[in-house]
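In: need coordinates for the below:
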Amino acid sequence: MNIYEQAVINKVRFDVNDGANGTIATEDLRDLSLSALDKMYGAIFKQIKTFQEESFLKTKQSINVLAELKLELVKHTMTVKLEEKEAAKLAKENKEEAEQLMEILADKQKAAKQNLTEAQIKARLKKLTK
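Out: As a prediction, this is how the structure comes out:
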């Protein structure tokens with residue numbers, strides 16, 4: 001079972017400290033900024049660490065399992081958002097380079113036409129105006 005199925009089954013909600021101190025559903029993680037997700041990750045990580053330090057002999061409690069699921073969900077969301085950010089950056093760079101190359105090509109085509117002889121220009125004009 002993947003982490004999103006687990007989140008739905010467990011009705012996972014995340015605490016948000018945005019002044020309103022509310023909770024959000026798993027799908028709302030996508031709406032948060034990377035810095036907000038990073039803060040949330042840190043808070044959940046502290047929570048898990050606290051659970052682990054409370055007792056050496058206790059087995060994982062269900063609340064700890066839920067916290068680990070939350071941590072994985074936030075981590076996955078951050079990873080996806082970072083990959084999308086990188087892909088958008090690459091797409092922008094590729095678009096800019098393509099535009100530059102089109103300009104260079106247009107300049108070269110114009111220069112090639114300027115190098116035509118008078119007879120070649122007249123012949124092409126005659127062909128184009130038929």
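
In: same question for stretch 65-75: list its buried residues.
Out: Using 16 or more other C-beta atoms under 10 Å as the test for burial, stretch 65-75 gives 66-71, 73-74. Heads up, the C-betas are built off the backbone N, CA and C, glycines and all.

In: buried ones in the lowest-mean-pLDDT helix or strand in the chain?
Out: Within the chain, no helix or strand scores below helix 34-54, which has a mean of 87 by mean pLDDT, DSSP states H and E. By 16+ other C-beta under 10 Å, the buried positions in helix 34-54 come out as 37, 40-41, 43-45, 47-48, 51.

In: show the pLDDT at the spatially most central residue of the chain.
Out: For the chain, Glu84 is the residue whose C-alpha lies nearest the centre (C-alpha atoms, centre = their mean; 2.3 Å). Glu84 carries a pLDDT score of 97 in this model.

In: what does the one 3 residues further on give?
Out: With respect to pLDDT, Ala87 scores 98.

In: how about the contacts made by it?
Out: Residues near Ala87 by C-beta atoms under 8 Å, 6 or more residues apart in numbering: none.

In: part of a helix, is it?
Out: Yes - assessed with DSSP: H, G, I helix; E, B strand; the rest coil, Ala87 lies in a helix.

In: can you report how many residues neighbour Ala25?
Out: When neighbours are counted by other C-beta atoms under 10 Å, Ala25 registers 12.

In: touching, it and Val16? I think so.
Out: No - the criterion here is C-beta atoms under 8 Å, and Ala25 misses it with Val16 at 10.8 Å.

In: how near is Ala43 to Asp15?
Out: Using C-beta to C-beta, to the nearest Å, Ala43 is found at 8 Å from Asp15.

In: quick one: the strands in this structure?
Out: 13-16, 22-25 (DSSP state E).

In: taking the mean pLDDT, what do you get for the first one?
Out: Rounded to a whole number, the mean pLDDT of strand 13-16 is 89.

In: contacts for that strand?
Out: Residues outside strand 13-16 that contact it (C-beta under 8 Å, 6+ apart): 21-26, 28-29, 32, 36, 40, 43, 70, 74.

In: may I see the buried residues of that strand?
Out: 14, 16.

In: same check, this time on stretch 79-92
Out: So for stretch 79-92, counting by 16+ other C-beta under 10 Å, buried means Lys81.
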